[in-house]
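In: requesting a structural model of the entry that follows:
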Amino acid sequence: MLQQGAAWFVNGSSSLARKFHISELTIGLTIVAFGTSAPELVVNSFAASSENHEIVFGNIIGSNIFNLFIILSIIGLIQPMKVQSSTAWKEVPFSFISLLLLFLLTNDQLIFHKTKSQLGLIDGIILLIAFAFFLFYAFKHLKSDPIHMEDTENPDKNYKIIFLVVFGLVGLVVGGKLVVEHAVSIAMEIGISEKIVGLLIVAPGTSLPELATSVVAIMKKKNDIAVGNIIGSNIFNVLFILPISTFIKPLIYNNDFNFDMIFLAIGTIVLFMAMYTGKKKQIDRWEAFVLLGLYIGYIVWML
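Out: Model (predicted):
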């Protein structure tokens, strides 16, 4: 279900881009990124309402780590992945800034010397304002970005595009949700901590739609959708899904997550540098190996 949903979603998104003369990068940053982040939204909503705060943060931070280190390395190993210059200069730094903003808003004890750290309603509104700036940029990008599409591709009918996008999204969400439910159940029986469950079980589970979608996109040579999906999903997770969670209940923050955020920040910097090494703006296979190696080291340290 997950793989078929990914195939439908990529085909529908690509058709949507051709239909309305929108760049595939913009589609990847917005529609595809939002769609594949839906499992994170569902899981976080339930986790926040039941006050499983460490699963909320572990899901978001862990998903972003998985997206960056595993999914980008996998699609980079499949084939060297070319990126648009705007991705390297704008979207990746925006992802880094959103992470820095989250770090500042969550570390009340460290920065403001309060008795506890939390992400409250005001913090959520600040993150949503930053998200509004991202959407403004994305839709401005929609008008200015050059369209690279094959003239031989005929636009699909409206009903077919709607079918592919909607049913592809349903397949992604249902498939991801089933994986998460089973993984969490097994982890809880074993007795793993809530933080580890969030980072290493729930997060990879909710990131399976991003993985499936990006792999299918790169196989179909839709590089912009693949890259836009990953960077866009990371931005959506921090600036949209976490704020929505704060509207349900204020989220108590465990300062142990600071290490994971620092690791994610380092990975974002490594990605930025990888895009500008060599003659072409692309992620080469050896750079994908570096990302994969860093993640393996992270897992070993965590366990």
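
In: by mean pLDDT, which helix or strand of this structure comes out lowest?
Out: Lowest mean confidence among the helices and strands of the chain (mean pLDDT, DSSP states H and E): helix 85-86, at a mean of 58.

In: measure the residue lying closest to I231 once chain neighbours are set aside to I129 for me?
Out: In space, and not counting its chain neighbours, I231 is closest to E91: 4.6 Å by CB to CB, 6 or more residues apart in numbering. C-betas here are computed from N, CA, C, even on glycine. Distance of E91 to I129, computed by CB to CB, to the nearest Å: 18 Å.

In: any idea which residue sits dead centre in this structure?
Out: S233 (2.8 Å; CA atoms, centre = their mean).

In: any idea how far that residue lies from N254?
Out: As for S233, its distance to N254 is 23 Å (criterion: CB to CB).

In: with S37 instead?
Out: From S37 across to N254, the span is 22 Å (CB to CB).

In: out of the two, which sits in the busier spot?
Out: Neighbour count, other CB atoms under 10 Å: between S37 and N254, S37 has more, with 27 against 15.

In: surely that one meets S233?
Out: Yes: if you go by CB atoms under 8 Å, S37 and S233 touch, sitting 5.0 Å apart.

In: shared neighbours of the two, anything?
Out: Common neighbours of S37 and S233, using CB atoms under 8 Å, 6 or more residues apart in numbering, are E210.

In: contacting residues for the residue nearest to I231?
Out: E91 makes contacts with 29, 228, 231-232, 235, as judged by CB under 8 Å, 6+ apart.

In: got JSON lines for these, with distance to I61 too?
Out: Below are the contacts of E91 laid out as JSON lines (distance: CB to CB, whole Å):
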{"residue": "L29", "distance to I61": "20"}
{"residue": "G228", "distance to I61": "21"}
{"residue": "I231", "distance to I61": "16"}
{"residue": "G232", "distance to I61": "17"}
{"residue": "I235", "distance to I61": "14"}
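
In: for these, which one is nearest T106?
Out: The nearest member of the contacts of E91 to T106, counting by CB to CB, is I235 at 16.9 Å.

In: for the closest one, pull up the helix or strand it's in.
Out: Using DSSP states H and E, I235 sits within helix 223-236.

In: give me the contacts around the helix or strand just after that helix.
Out: The helix or strand immediately downstream of helix 223-236 is helix 242-248, counting by DSSP H and E. By CB under 8 Å, 6+ apart, the residues outside helix 242-248 that reach it are 41, 44-45, 47-49, 56, 60, 102, 119-121, 123-125, 127-128, 131, 251.

In: write the ChimeraX selection for whichever of the residues you listed are buried.
Out: The buried subset of the contacts of helix 242-248, as determined by 16 or more other CB atoms under 10 Å, is captured in ChimeraX by this line:
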select :41,44,45,47,48,56,60,102,119,123,124,127,128,131,251
